[in-house]
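Participant: Quick one: sequence plus predicted model below, questions after.
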Amino acid sequence: MAILEILTYPNPILKKACAPVTDVNDELRKFLDDMLETMYQNAGIGLAAIQVGRLIRAIVVDIREDERGSSESKVHKLINPEILEKEGSKKCEEGCLSVPGVREEVIRAEKIKVRALNENGKKVEFIAEGLLAICIQHEIDHLDGILFVDRLSKLRRTMIKKKLNKLT
Ligand code: NI
C-alpha cells in the first residue's frame, strides 16, 4: 500500500466536480486501499479521492466508533455515493485533512439514506446516523468541490480564509 499526498486549501483542484466511476476494477480497489492507508496515517475518519488529486466519485470512511461508544470499526468504501433521503439537522464540529488546523461547527442532516457501489461494484443502500452520517455528507461534498468551510456563514468563512492565507 502507498501513502498518497493530500492536497490542501487553497489548491484549486479541491474546487472541481468529480466524475462518476464507470468501471470498478482491481486498480480502483488498490487505490481505495491506498486512500484508506493515507487516511489512517493522517488520523482522519474520511477521505475523498479528490483530496489525493483524483477527480472520481469515490470516498472512504471509518469513524472507528459509533455514537454509543462501540469500538467496532467499520470501513466504508463507497463508489458513486448518493444521498437518497435526509432527516433532521444537527450542528457538529468538523475538521478536514485538506484544511489543516481548522475546526468549525457545521449544520448537517442527522440521518441519511445512502446509495453507492461497494468495492466489488455491487449496489448497497443503508441508513447512516450520527458521526457516520456527518462524515459521509462531508465526503460527498468534496466530490462536488465543496469544502466544509464553504458551508459556514460568510463572516466566519472570510475570517478563516484570512487566517489560512496567512499560513500559506
Ligand atoms: Ni474533508
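Facilitator: Structure's in. What do you need?
Participant: contacts, neighbours, all on C-alpha from now
Facilitator: Noted.
Participant: so who does the residue positioned nearest the centre of the chain touch?
Facilitator: Computing the C-alpha centroid of the chain and ranking residues by CA atoms, centre = their mean puts residue 139 first, at 2.1 Å. By CA atoms under 8 Å, 6 or more residues apart in numbering, the contact list for residue 139 reads 46, 47, 48, 59.
Participant: List phi and psi for it.
Facilitator: phi -70, psi -40 (degrees, to the nearest 10).
Participant: So for stretch 37-56, mean pLDDT?
Facilitator: Across stretch 37-56, pLDDT averages out at 97.
Participant: got the buried residues for it?
Facilitator: 37-39, 44-52, 55-56 (16 or more other CA atoms under 10 Å).
Participant: what's the single longest strand in the chain?
Facilitator: strand 76-87 (DSSP state E).
Participant: so where do the helices sit in this protein?
Facilitator: Along the chain, counting by DSSP state H, helices occupy 26-41, 130-143, 154-167.
Participant: Would you single out the least confident of these?
Facilitator: helix 154-167 (a mean of 87).
Participant: now what about that helix, what contacts it?
Facilitator: 102, 149, 150.
Participant: how about 10 Å then?
Facilitator: 9-10, 99-104, 148-152 (CA atoms under 10 Å, 6 or more residues apart in numbering).
Participant: now the residues you listed in TSV, with pLDDT and distance to residue 77?
Facilitator: As requested, these are exported to TSV (pLDDT from 0 to 100; distance: CA to CA, whole Å):
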residue	pLDDT	distance to residue 77
9	94	24
10	92	26
99	96	22
100	94	23
101	93	26
102	95	25
103	95	25
104	96	26
148	97	21
149	95	24
150	94	25
151	95	24
152	94	27
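Participant: Adding neighbour count and distance to residue 158, write the residues you listed out as a markdown table.
Facilitator: Putting the contacts of helix 154-167 into a markdown table (neighbours: other CA atoms under 10 Å; distance: CA to CA, whole Å) gives the following:
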| residue | neighbour count | distance to residue 158 |
| --- | --- | --- |
| 9 | 19 | 14 |
| 10 | 14 | 13 |
| 99 | 16 | 14 |
| 100 | 11 | 16 |
| 101 | 9 | 16 |
| 102 | 16 | 13 |
| 103 | 15 | 15 |
| 104 | 17 | 13 |
| 148 | 23 | 13 |
| 149 | 22 | 10 |
| 150 | 14 | 10 |
| 151 | 17 | 12 |
| 152 | 16 | 9 |
